[in-house]
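**Q** A structural model of the following input is requested.
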Amino acid sequence: METTRGTRRDSRMLALVLFGVCLCLPHLYRALFPAVWPDPPQKNLRLVWLETPALHGDGLYLLDLLSDAWLSMPVAAALHSLVEPFPAGVVSSPLAYHLQVDGAVRRISPPARVSPVFFQPIPINLADLDTLMVIPGIGKRLAQAILDYREEEGRIVDRDALLAVEGIGKKKAAVIAGYVRFD
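**A** The predicted model follows:
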(Lines give C-alpha, C1' and ligand atoms only; values in the text may rest on other atoms or scores of the structure.)
Protein backbone atom coordinates (compact mmCIF):
# COMPACT_ATOMS: atom_id res chain seq x y z
CA MET A 1 0.00 0.00 0.00
CA GLU A 2 1.50 3.32 -1.06
CA THR A 3 0.87 6.60 0.65
CA THR A 4 0.75 9.66 -1.48
CA ARG A 5 1.72 13.09 -0.45
CA GLY A 6 -0.20 16.10 -1.48
CA THR A 7 1.24 18.58 -3.89
CA ARG A 8 1.65 21.12 -1.11
CA ARG A 9 5.32 21.82 -0.39
CA ASP A 10 6.92 22.34 2.99
CA SER A 11 7.50 26.06 3.32
CA ARG A 12 9.27 26.13 6.69
CA MET A 13 12.67 26.74 5.11
CA LEU A 14 11.31 29.65 3.10
CA ALA A 15 9.77 31.12 6.25
CA LEU A 16 13.13 30.88 8.06
CA VAL A 17 14.96 32.60 5.21
CA LEU A 18 12.39 35.41 5.13
CA PHE A 19 12.64 35.80 8.90
CA GLY A 20 16.44 36.07 8.65
CA VAL A 21 16.18 38.68 5.92
CA CYS A 22 13.76 40.70 8.05
CA LEU A 23 16.26 40.61 10.93
CA CYS A 24 19.07 41.81 8.68
CA LEU A 25 17.19 44.61 6.89
CA PRO A 26 17.59 47.26 9.64
CA HIS A 27 21.34 46.61 9.81
CA LEU A 28 21.66 46.76 6.05
CA TYR A 29 19.69 50.02 5.93
CA ARG A 30 21.90 51.45 8.67
CA ALA A 31 25.05 50.47 6.78
CA LEU A 32 23.83 52.00 3.53
CA PHE A 33 22.42 55.23 5.00
CA PRO A 34 24.43 56.10 8.15
CA ALA A 35 23.36 59.78 8.12
CA VAL A 36 19.69 58.80 8.37
CA TRP A 37 20.24 56.33 11.20
CA PRO A 38 23.18 57.51 13.35
CA ASP A 39 25.03 55.34 15.86
CA PRO A 40 23.50 55.28 19.34
CA PRO A 41 25.24 57.43 21.94
CA GLN A 42 28.29 55.77 23.46
CA LYS A 43 27.83 54.36 26.93
CA ASN A 44 30.41 53.40 29.49
CA LEU A 45 28.39 51.35 31.96
CA ARG A 46 30.02 50.18 35.15
CA LEU A 47 28.65 48.19 38.04
CA VAL A 48 29.51 49.94 41.31
CA TRP A 49 28.80 48.94 44.92
CA LEU A 50 27.65 51.95 46.92
CA GLU A 51 27.18 52.15 50.67
CA THR A 52 25.18 55.27 51.27
CA PRO A 53 22.31 56.61 53.33
CA ALA A 54 21.82 59.45 50.82
CA LEU A 55 20.70 57.39 47.82
CA HIS A 56 18.35 54.41 47.96
CA GLY A 57 20.54 52.42 50.32
CA ASP A 58 23.43 50.00 49.98
CA GLY A 59 23.57 48.04 46.78
CA LEU A 60 24.80 47.62 43.26
CA TYR A 61 24.28 50.56 40.91
CA LEU A 62 24.79 50.57 37.15
CA LEU A 63 26.36 53.91 36.30
CA ASP A 64 27.01 55.41 32.88
CA LEU A 65 30.37 57.11 33.42
CA LEU A 66 30.22 59.07 30.16
CA SER A 67 26.93 60.69 31.09
CA ASP A 68 26.22 63.05 33.96
CA ALA A 69 22.53 62.05 34.00
CA TRP A 70 22.96 59.97 37.16
CA LEU A 71 24.51 62.88 39.03
CA SER A 72 21.36 64.05 40.76
CA MET A 73 22.88 64.65 44.19
CA PRO A 74 26.00 66.38 45.52
CA VAL A 75 27.15 63.05 46.98
CA ALA A 76 27.02 61.44 43.54
CA ALA A 77 28.89 64.42 42.09
CA ALA A 78 31.72 63.76 44.56
CA LEU A 79 31.73 60.11 43.51
CA HIS A 80 31.97 61.09 39.84
CA SER A 81 35.38 62.64 40.46
CA LEU A 82 36.67 59.31 41.85
CA VAL A 83 35.21 56.90 39.29
CA GLU A 84 37.63 56.67 36.39
CA PRO A 85 36.18 55.85 32.97
CA PHE A 86 37.40 52.74 31.18
CA PRO A 87 36.96 51.41 27.62
CA ALA A 88 33.51 49.91 27.03
CA GLY A 89 33.34 46.15 27.45
CA VAL A 90 36.42 45.95 29.66
CA VAL A 91 35.86 44.24 32.96
CA SER A 92 38.17 45.39 35.70
CA SER A 93 38.27 45.20 39.45
CA PRO A 94 35.05 46.11 41.20
CA LEU A 95 34.53 49.60 42.48
CA ALA A 96 33.03 50.13 45.91
CA TYR A 97 32.55 53.41 47.70
CA HIS A 98 31.10 54.63 50.96
CA LEU A 99 29.24 57.88 50.41
CA GLN A 100 28.42 60.12 53.34
CA VAL A 101 25.64 62.67 53.47
CA ASP A 102 28.13 65.55 53.72
CA GLY A 103 29.64 64.59 50.34
CA ALA A 104 32.73 62.80 51.63
CA VAL A 105 33.62 59.71 49.62
CA ARG A 106 36.02 56.91 50.46
CA ARG A 107 36.89 53.84 48.47
CA ILE A 108 36.20 50.56 50.25
CA SER A 109 36.55 46.91 49.34
CA PRO A 110 33.27 45.34 48.24
CA PRO A 111 31.51 43.11 50.76
CA ALA A 112 32.16 39.37 50.51
CA ARG A 113 28.64 38.70 49.23
CA VAL A 114 29.30 40.94 46.20
CA SER A 115 32.53 39.20 45.11
CA PRO A 116 30.81 36.49 43.01
CA VAL A 117 28.90 39.18 41.10
CA PHE A 118 32.20 40.73 40.01
CA PHE A 119 33.82 37.31 39.39
CA GLN A 120 36.35 38.04 42.12
CA PRO A 121 37.79 35.57 44.66
CA ILE A 122 35.66 35.38 47.78
CA PRO A 123 37.33 36.56 51.01
CA ILE A 124 36.93 33.35 53.00
CA ASN A 125 37.41 35.08 56.35
CA LEU A 126 34.56 37.54 55.72
CA ALA A 127 32.06 35.36 53.83
CA ASP A 128 28.77 34.26 55.36
CA LEU A 129 27.14 30.85 54.97
CA ASP A 130 25.30 31.63 51.72
CA THR A 131 28.36 33.20 50.09
CA LEU A 132 30.54 30.21 50.98
CA MET A 133 27.97 27.90 49.37
CA VAL A 134 28.58 29.66 46.02
CA ILE A 135 32.04 28.03 45.87
CA PRO A 136 32.00 24.73 43.95
CA GLY A 137 32.27 21.75 46.27
CA ILE A 138 30.95 23.56 49.34
CA GLY A 139 27.51 22.66 50.56
CA LYS A 140 25.66 23.82 53.65
CA ARG A 141 27.41 21.40 56.01
CA LEU A 142 30.92 22.25 54.82
CA ALA A 143 30.17 25.98 54.82
CA GLN A 144 29.03 25.67 58.44
CA ALA A 145 32.24 23.75 59.26
CA ILE A 146 34.28 26.63 57.80
CA LEU A 147 32.31 29.15 59.88
CA ASP A 148 32.81 27.04 63.01
CA TYR A 149 36.55 26.79 62.34
CA ARG A 150 36.77 30.56 61.87
CA GLU A 151 34.90 31.07 65.13
CA GLU A 152 37.29 28.79 67.05
CA GLU A 153 40.62 29.65 65.41
CA GLY A 154 40.02 33.24 64.35
CA ARG A 155 40.79 33.06 60.63
CA ILE A 156 41.94 30.82 57.81
CA VAL A 157 45.38 32.05 56.77
CA ASP A 158 46.22 29.80 53.78
CA ARG A 159 45.45 26.59 51.93
CA ASP A 160 47.11 24.50 54.64
CA ALA A 161 44.73 25.96 57.22
CA LEU A 162 41.83 24.77 55.06
CA LEU A 163 43.02 21.21 55.65
CA ALA A 164 42.31 21.66 59.35
CA VAL A 165 38.62 22.24 58.62
CA GLU A 166 36.60 19.08 59.14
CA GLY A 167 35.50 17.63 55.79
CA ILE A 168 38.21 19.25 53.64
CA GLY A 169 40.93 17.07 52.18
CA LYS A 170 43.82 17.92 49.86
CA LYS A 171 41.78 17.76 46.65
CA LYS A 172 38.91 19.83 48.00
CA ALA A 173 41.33 22.36 49.53
CA ALA A 174 42.98 22.78 46.11
CA VAL A 175 39.59 23.43 44.47
CA ILE A 176 38.45 25.84 47.18
CA ALA A 177 41.75 27.75 47.14
CA GLY A 178 41.13 28.62 43.49
CA TYR A 179 37.94 30.49 44.39
CA VAL A 180 38.91 32.30 47.60
CA ARG A 181 41.41 34.76 48.97
CA PHE A 182 42.82 34.54 52.47
CA ASP A 183 43.14 38.22 53.43
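**Q** check contacts around the nearest residue to Ile168 once chain neighbours are set aside.
**A** Nearest residue to Ile168, sequence neighbours excluded (CB to CB, 6 or more residues apart in numbering): Leu162, at 5.3 Å. In short, each C-beta sits where N, CA and C put it, glycine included. By CB atoms under 8 Å, 6 or more residues apart in numbering, the contact set of Leu162 is Ile156, Ile168, Ala173, Ile176, Ala177.
**Q** from what I can see the second one touches Ala143, true?
**A** To tie it back to what came earlier, the one meant is Ile168. No. Ile168 is beyond contact range of Ala143, at 11.2 Å (criterion: CB atoms under 8 Å).
**Q** Which one of these two is surrounded by more residues?
**A** Ile168 (22 against 19; other CB atoms under 10 Å).
**Q** hey, which helix or strand in the chain has the poorest pLDDT?
**A** helix 74-82 (a mean of 54; mean pLDDT, DSSP states H and E).
**Q** just checking, next helix/strand downstream of it?
**A** strand 95-99 (DSSP states H and E).
**Q** partners of that next one, with directions?
**A** strand 45-51 (parallel), strand 105-107 (antiparallel) (DSSP bridges).
**Q** how about the strands of the protein, start to end?
**A** Assigned by DSSP state E, the strands in the chain fall at 45-51, 59-64, 95-99, 105-107, 122-123, 180-181.
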